[in-house]
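# dropping a prediction and its sequence here:
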Amino acid sequence: MRLLQPLQALKGRGSASFIAHRFARDAREAFDDGWEEAGSEEALAALQTTLEWEQARSALSRHDSPDLPFHFGLNPYRGCEHGCIYCYARPTHSYLGYSPGLDFETRLIAKENLPQLLRTELSRPSHVAEPVMLGSVTDCYQPIEREVGLTRRLIEVLAEARHPFSIVTKGSGVERDLDLLAPLARQGLVAVYVTITTLQPELARRLEPRAAAPHRRLRTVRTLAQAGIPVGVSLAPQIPFLNDDMEQVLAAAAEAGARQAFYTVLRLPWEVAPLFEQWLQLHYPDRAARVMERVRDLHGMDAQDRAQGRSYQSRFGQRMKGTGLWSDMLAQRFALACRRLGLNRERVQLDCGQYHPSLLQAQRSLF
């Protein structure tokens with residue numbers, strides 16, 4: 001009988017496997033043949049992060065999703081060392097021929113020429129200023145930003161052009177750029193959103209192994225607010241029977257100075273579904289079945305969907321907040337807590353009127 005090797009949680013990593021991407025022609029599974037390879041567990045546990053460089057073809061990515069409040073995204077990195085097991089961006093590594101599992105967390109790509117491309121695109125007379133979301137796919141303040149500094153260089157270009165933008169991050173590294181962000185905030189050109197999924201340290205360590213700790217993110221919220229930067233909090237994603245402390249997160253964020261808040265429910269596109277189910281079996285086997293059943297309820301899976309093993313509905317208007325009874329309960333809890341705490345009373349409006357391409361052209365002519 002062929003015995004599959006049991007998966008093991010890896011310290012500092014969200015995924016436990018190099019799951020095959022959906023374009024792979026061959027599927028390989030490790031199995032136990034009775035001979036334990038010396039040092040194999042230690043080598044896997046000490047899996048190192050590597051960084052590759054690429055020449056990007058464009059800087060700004062545009063989408064027309066009605067579920068999102070912005071149309072332009074700007075992402076300096078592919079992959080993310082934070083290793084959040086629920087990350088909806090994991091399947092993007094499949095297009096590179098890499099695993100959405102451990103490769104997504106360890107084989108990172110930096111877009112070397114992105115600041116120059118952004119300068120070129122913003123310099124075009126045809127460009128119309130709309131708020132840009134910096135870090136819309138992977139975190140622009142993940143650990144490698146400390147050495148690479150691509151995010152800071154992008155902010156410098158946006159600042160030169162007086163172009164409005166927002167940032168969403170779990171990284172405390174955003175505090176490094178207060179010298180750039182605070183003056184832009186005074187001009188109505190920037191807002192920052194800090195993702196705090198839960199206040200439970202052990203759950204956060206398992207969900208988001210290399211992201212800043214919850215208490216450290218709250219400190220970031222406070223630091224940004226004290227610097228006069230409009231700051232909000234993202235409670236994404238909401239996972240049934242796991243991060244059930246929505247009200248406590250909102251209260252702590254409001255006390256730290258957050259004035260805006262939003263949430264989404266857990267999304268499991270493509271390879272994220274089997275990765276998340278693996279993670280549940282490793283860390284919370286006692287409630288894994290319950291969690292997945294509730295996720296399927298949230299996404300409106302019918303009997304046929306469940307028979308086919310589906311757990312996610314990507315339909316616009318449904319994928320971010322879910323549908324049905326449990327979705328309505330989440331929405332009511334969120335609305336009541338925000339009303340009580342004074343969150344979302346005023347919408348942050350970024351100023352698009354200050355942008356002009358000649359600002360960048362004049363700056364470029366100096367070199």
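Good, I have the coordinates. Numbering: from 1, shown residues only.
# strands along this structure, start to end?
Ranges of strands in the chain, per DSSP state E, are 3-4, 31-32, 50-54, 60-62, 72-74, 77-78, 107-111, 132-134, 165-169, 190-195, 231-238, 260-265.
# check those strands for me: which has the lowest mean pLDDT.
Sorting those by mean pLDDT places strand 3-4 lowest, at a mean of 36.
# before we move on, back to that, just so I know, which of the strands of the chain lies nearest Leu207?
In terms of C-beta to C-beta, the element of the strands of the chain nearest to Leu207 is strand 231-238, at 9.5 Å. Using the backbone N, CA and C atoms, a C-beta is placed for each residue, glycine as well.
# give me the angle between the closest one and strand 165-169.
50 degrees (axes from the mean of the first three to the mean of the last three C-alpha atoms, to 10 degrees).
# run the angle between strand 231-238 and strand 260-265 for me.
Going by the same axes, to 10 degrees, strand 231-238 makes 10 degrees with strand 260-265.
# in the sheet, which strands lie alongside strand 231-238, parallel or antiparallel?
strand 190-195 (parallel), strand 260-265 (parallel) (DSSP bridges).
# got a list of contacts for the last one?
The one in question is strand 260-265. With contacts defined as C-beta atoms under 8 Å, 6 or more residues apart in numbering, strand 260-265 is touched by 191, 193, 230-238, 246, 250, 253, 295, 298-299, 320-322, 327, 330, 334, 338, 343-344, 347-348.
# residues near Val265, how many?
Summarising burial for Val265: neighbours were counted as other C-beta atoms under 10 Å, giving 23.
# cool, and the one 10 residues further on?
When neighbours are defined as other C-beta under 10 Å, Leu275 has 26 of them.
# contact partners for it?
Leu275 neighbours (C-beta under 8 Å, 6+ apart): Ser15, Ser17, Ile19, Ile85, Arg90, Pro100, Gly101.
# what's near enough to touch Leu102?
When contacts are counted by C-beta under 8 Å, 6+ apart, Leu102 touches Leu10, Arg13, Ser15, Ala16, Ser17, Phe18, Leu47.
# most surrounded residue in the residues you listed?
Ser15 (29 neighbours).
# grab the nearest non-local neighbour of that one.
Spatial nearest neighbour of Ser15, excluding adjacent residues (C-beta to C-beta, 6 or more residues apart in numbering): Gly101 at 3.9 Å.
# so Leu154 is in contact with Leu74, correct?
Yes - counting by C-beta atoms under 8 Å, Leu154 does reach Leu74; the two are 6.4 Å apart.
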